[in-house]
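>>> show me how the following folds:
(2 chains)
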Amino acid sequence: MKRSQFVEHVAWTGAGIAYTLASAGSLVGCAVADAPGAVDFVQISDSHVGFHLPANPDVLGTLKQAVDAINALPQAPAFVVHTGDITHLSTPKQFADAKDVLSALKVPLIALPGEHDVIGNDFKPYLANFRIPQAEPGGWATWENGGIRFIALLNVFNFEKMGLLGSDQLTWLQGVVSGLKPSQPIVVLTHVPLYALFPTWGWTTEDGAKALAMFSRFDNVTLLNGHIHQIITHTEGNLHFASADATAYPQPKPGAADKPGPVTLPHDDLLRAIGYRTVSADGNGARFEDHPLG
Amino acid sequence: MDMKLLFLATLVVKLIADSFQPASVTVTPGTTVVFINKDDDAHTVTSTTGLFDSKGLDTNASWKMTFNKPGTYKYFCELHPFMKGTIIVRAAHS
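As a prediction, this is how the structure comes out:
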């Protein structure tokens, strides 16, 4: 199978359609059939626990809905990754509430912080509740699972820059990738997109190009992020980017409003604009499906 | 006279539409600036030099800071770094 065919994006217009097709065992059953050695995992993002405005007065409820749906997947994923903004304001109560709901997941959780989780450049409330297993002292991490090299980068060191990796993390990253063969499949997890998706709204990583240059020699790199509360895919050479929906509320398309921020929709439409993502990665790359909550 | 001093001693900066309004103000030493978040998103009032930090301000939350020493105080929102503001503190006679 060619890589260009393998990396695909399916945005379902409703969970009902996804389940109907899945139960029929036809289109979805074929599309998600795993090659040997595939690693299945789930991405959720931007839960903003503590947010209470009309765009979503029950962010804990929609997070729980996502957790229940993930627990009900016919095939349990290897793990769930949360790509940040677990909370809205980094308060201990918000972290405790988020942890309470997320602890119902039946598989391990790997939770990255977003800028809303480290307000005041204070990582303590986040670290008191969530921590990437085997993380470096700076909080970033890498691990191998089923032949896939996973790399979780933190780009919320945002002193006047929304996305910033910093020289320490870039030096570490260079060490991680230097020993890998070009055929090594890589999945990169971040909160803020590593490329300049829409810098006007802070949807970029100031020094992201330095990391992307390190990845450019690889055959298959999948880069998953949150932060922008909507599904946007982008390809640069062999680098395949995919921003995920939030579990809390959508944001406007880039430049489609005066500013980024919560978009208020009727409840049914809200549920169609938030959700979770299933990902299947193997030696040929990664493929994903987005599952709205409604 | 007292009323006038009281009036001058407090100034409100609104955090609205992902901006600080007014974005730049000049005040006399001793002025208390009240920052009020009137936006639908969280914001911070964070000094570029680390002098002060409101931490996270929810919608309708406020935070205040008294500026006693003359100087130029630049600040931004950590969550939306494109939001920038300046408080200039200058003695009335200078």
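>>> spit out the contact partners of residue 80.
Unless you meant another one, I'm taking chain A. For A:V80, the contact set (CB atoms under 8 Å, 6 or more residues apart in numbering or on different chains) comprises A:F41, A:V42, A:Q43, A:I44, A:I70, A:L105, A:V107, A:P108, A:L109, A:I110. C-beta here means a position set from N, CA and C on the backbone, and glycine is covered the same way.
>>> my bad, the chain I had in mind was chain B
A:M162, A:G202, A:P260, B:D18, B:D41, B:H43.
>>> go on, A:D40?
Contacts of A:D40 (CB under 8 Å, 6+ apart): A:D34, A:Q75, A:P77, A:A78, A:T278, A:V279, A:S280, A:A281.
>>> wait, the third one sits on A:F41?
Yes. Contact between A:P77 and A:F41 holds when scored by CB atoms under 8 Å: they sit 4.8 Å apart.
>>> overlap in contacts, those two.
The contact lists of A:P77 and A:F41 share A:T278, where a contact means CB under 8 Å, 6+ apart.
>>> comparing the two, which residue is more hemmed in?
A:F41 (26 against 20; other CB atoms under 10 Å in any protein chain shown).
>>> and the contacts of whichever helix or strand A:T142 is part of?
Using DSSP states H and E, A:T142 maps to strand A:141-145. With CB under 8 Å, 6+ apart as the test, strand A:141-145 has contacts from A:39, A:78-79, A:110, A:132-135, A:149-152, A:176.
>>> repeat that with 6 Å
Residues outside strand A:141-145 that contact it (CB atoms under 6 Å, 6 or more residues apart in numbering or on different chains) are A:V39, A:I132, A:Q134, A:A135, A:F150, A:I151, A:A152, A:V176.
>>> give me the sheet partners of it and which way each runs.
In the sheet containing strand A:141-145, its partner strands are strand A:148-152 (antiparallel), by DSSP bridges.
>>> count the residues that sit near the residue in the stretch 1-150 of chain A that chain B sits nearest to.
At 3.7 Å from chain B, A:L89 is the closest residue in the stretch 1-150 of chain A, using CB to the nearest CB. By the measure other CB under 10 Å, the count of residues near A:L89 is 22.
>>> likewise for the one 3 residues further on?
When neighbours are defined as other CB under 10 Å, A:P92 has 12 of them.
>>> so the nearest residue to it once chain neighbours are set aside is in which element?
Using CB to CB, 6 or more residues apart in numbering or on different chains and skipping the chain neighbours, the partner closest in space to A:P92 is A:P125 (5.5 Å). Assigned by DSSP H and E, A:P125 belongs to helix A:124-129.
>>> give me the buried positions along that helix.
For helix A:124-129, burial by neighbour count (16 or more other CB atoms under 10 Å in any protein chain shown) applies to A:P125, A:Y126, A:L127, A:N129.
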